[in-house]
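Enquirer: how would this look folded up:
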Amino acid sequence: MRKALIITYYWPPSGGSSVLRWLKFTKYLREFGWEPVIYTPENPESQEIDELLLREIPENIEILKTKIREPYTLYKWITGRKKEERLGVSLMSDKKVPGIITRLSLWVRSNLFIPDPRCLWINPSVKQLSRYLSGNPVDIIITTGPPHSMHLIGLGLKKKLGIKWLADFRDPWTNIDFYSDLLLTRFADRKHKKLERDVLIHADCVVSVSPTWTKELRDLGAKRVQTIMNGFDDETGISVPDDKEKKFSILHLGSIPLSRNPEEFWKVLAELVRENHSFASLLQIRLIGKVDLKVIEALETNNLKDFLKYDSFIPHDKTYRQLTAASVLLLIINNTPNSGGILTNKFYEYLSAHRPILALGPVEGDAAKILHDTGAGKIFPYADTDNIKHHLKTLFDLHLQNKLTVSPKEINKFSRKSLTHELSILLDNLTS
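Expert: Okay, the predicted model is just below:
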């Protein structure tokens, strides 16, 4: 059986969507002739802890861990946070932190820690893994980012050992939608772009999660790029729900940072509450995940706080029942430039839940195409309030008639096992 060394910052018991992609690949790789070896920090700064994800790690897998030095302890000290406190989805609107401290911290993070605060782990990891690989050869190394420091570990090993290397981009680097908000100096901007190009040129293959981002990476200089999307787990399965909420429950799973705050959508809901007593009596806004304070403020401003049921975290193995029980699944794609390639893990879990998806975002993007092809839901621009309102009325009427269901077409190709098979074929080709 061939071996792949997977270098990832996110690994159980860390929770959240960043863990899932390579945890799920690792779960199924042995079925396709590949033995994964994991390299990950011993003490990462994790937004969430989900001990239940440890059960999904294959038995007897080799996991290498070393300590990492990060600047977050200093940031917490400066801002008066406890050492064990976990950083939220967005610090930019945190009322605990004065604006000048936030901007200064962002400037330091953006310009002194390039490409990200995990950069202090790069050189020690290259040395550690070089020693390991001298006695434990593998057929290929895989790096997954962000954080993009993982790719620089791969670059260092590639230059030092000449080993085959696949760089997996779960999100863009300099094309990420918030890149322009990082307060970068011209020197830092040039350094980011140089490091990104070095990775794209030297990697034997670059993998992206969406067709739009694949094209962007190719345009930036990657010599070989392939799209392997995220997906839903086969063990969760595709099932028609039988325990739907009596409430008209609109559920959003995952974080909502400021860039995804759908203010116009909240206004539409507020209008429907005022105009329709039945709608008001049955509405429930269900949010699961870290939510920016500005989102809660927007709900309060629109008199929707009483309809809110909020959990900042639910273990991943319990979220699927929440999805199948909801009436409508709300998908919010960042209301920013360059968001057309965003295809999150939760999007595919939405598809497998057989609940109608109401999406807000670019109508020409990759998510819009999948929604159209599968018939799983509809997408609207953020400001298209008239059509959003009309669609919500239609969904509510179907809910009252107990006819609110969908049967998405051809979504088996998005199962984690199918995607792992696709990955294994790529690995076979790269190492043959």
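
Enquirer: elements contacting the strand or helix carrying F347?
Expert: According to DSSP states H and E, F347 maps onto helix 345-352. Based on contacts counted as 3 or more Cβ pairs under 8 Å, 6 or more residues apart in numbering; DSSP states H and E, the elements that helix 345-352 packs against are helix 17-29, strand 248-253, helix 316-325, strand 328-332, helix 366-374. Just so you know, the C-beta spots here come from the backbone N, C-alpha and C atoms, and that holds for glycine as well.

Enquirer: state the mean pLDDT of it.
Expert: Within the predicted structure, the mean pLDDT of helix 345-352 is 94.

Enquirer: ok now that helix, how far from the chain's centre?
Expert: 12 Å (Cα atoms, centre = their mean, to the nearest Å).

Enquirer: rank the helices and strands packed on helix 345-352 by mean pLDDT and give me the bottom one.
Expert: Looking at these, the lowest mean pLDDT belongs to helix 316-325 (a mean of 87).

Enquirer: just the buried positions in it, please.
Expert: Residues of helix 316-325 classed as buried: 316, 319-320, 322-325 (neighbour count, 16 or more other Cβ atoms under 10 Å).

Enquirer: these into CSV, with extra columns for distance to E264?
Expert: Written out in CSV, the entries for the buried residues of helix 316-325 read as follows (distance: Cβ to Cβ, whole Å):
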residue, distance to E264
H316, 30
T319, 27
Y320, 29
Q322, 25
L323, 24
T324, 28
A325, 27
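
Enquirer: now the strands for the stretch 51-200 of the chain?
Expert: 62-66, 140-145, 165-169 (DSSP state E, counting those that start in this stretch).

Enquirer: mind giving me TSV with these and columns for mean neighbour count and distance to Q284?
Expert: Formatted as TSV, the entries for the strands of the stretch 51-200 of the chain read as follows, by neighbours: other Cβ atoms under 10 Å; distance: least, Cβ to Cβ, whole Å:
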stretch	mean neighbour count	distance to Q284
strand 62-66	14	41
strand 140-145	25	36
strand 165-169	26	36
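
Enquirer: and the residue lying farthest from the centre of the chain, how far is that from S327?
Expert: Most distant from the centre of the chain: H277, at 37.0 Å, with distances by Cα atoms, centre = their mean. H277 sits at a distance of 18 Å from S327 (criterion: Cβ to Cβ, to the nearest Å).

Enquirer: repeat for R170
Expert: Computed as Cβ to Cβ, the R170 to S327 distance reads 30 Å.

Enquirer: then V225?
Expert: Here the distance between V225 and S327 works out to 39 Å (Cβ to Cβ).

Enquirer: the lengthiest strand in the chain - contacts with which helices or strands?
Expert: In the chain, assigned by DSSP state E, the strand with the most residues is strand 34-41. Under the contact criterion of 3+ Cβ pairs under 8 Å, 6+ apart, the helices and strands touching strand 34-41 comprise strand 2-7, helix 17-29, strand 62-66.

Enquirer: give me the contacts around the last one.
Expert: Think strand 62-66. Taking contacts as Cβ atoms under 8 Å, 6 or more residues apart in numbering, the residues outside strand 62-66 that touch it are 11, 37-42, 57, 121, 124-125, 128-129, 132.

Enquirer: just to revisit the earlier point, with distance to V291 and mean pLDDT as extra columns, can I get the strands of the stretch 51-200 of the chain in CSV?
Expert: Supplementary listing: those in CSV, determined by distance: least, Cβ to Cβ, whole Å; pLDDT from 0 to 100:
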stretch, distance to V291, mean pLDDT
strand 62-66, 31, 97
strand 140-145, 25, 98
strand 165-169, 26, 98
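
Enquirer: now these in CSV, with distance to D177?
Expert: Formatted as CSV, the entries for the strands of the stretch 51-200 of the chain read as follows, by distance: least, Cβ to Cβ, whole Å:
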stretch, distance to D177
strand 62-66, 32
strand 140-145, 16
strand 165-169, 14
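
Enquirer: before we move on, the earlier item: out of the contacts of strand 62-66, which are buried?
Expert: When those are checked for burial by 16+ other Cβ under 10 Å, the buried set is 11, 37-41, 57, 121, 125, 129, 132.

Enquirer: report the two of the residues you listed separated the most.
Expert: The two members of these with the most space between them (Cβ to Cβ) are I57 and W121, at 21.4 Å.
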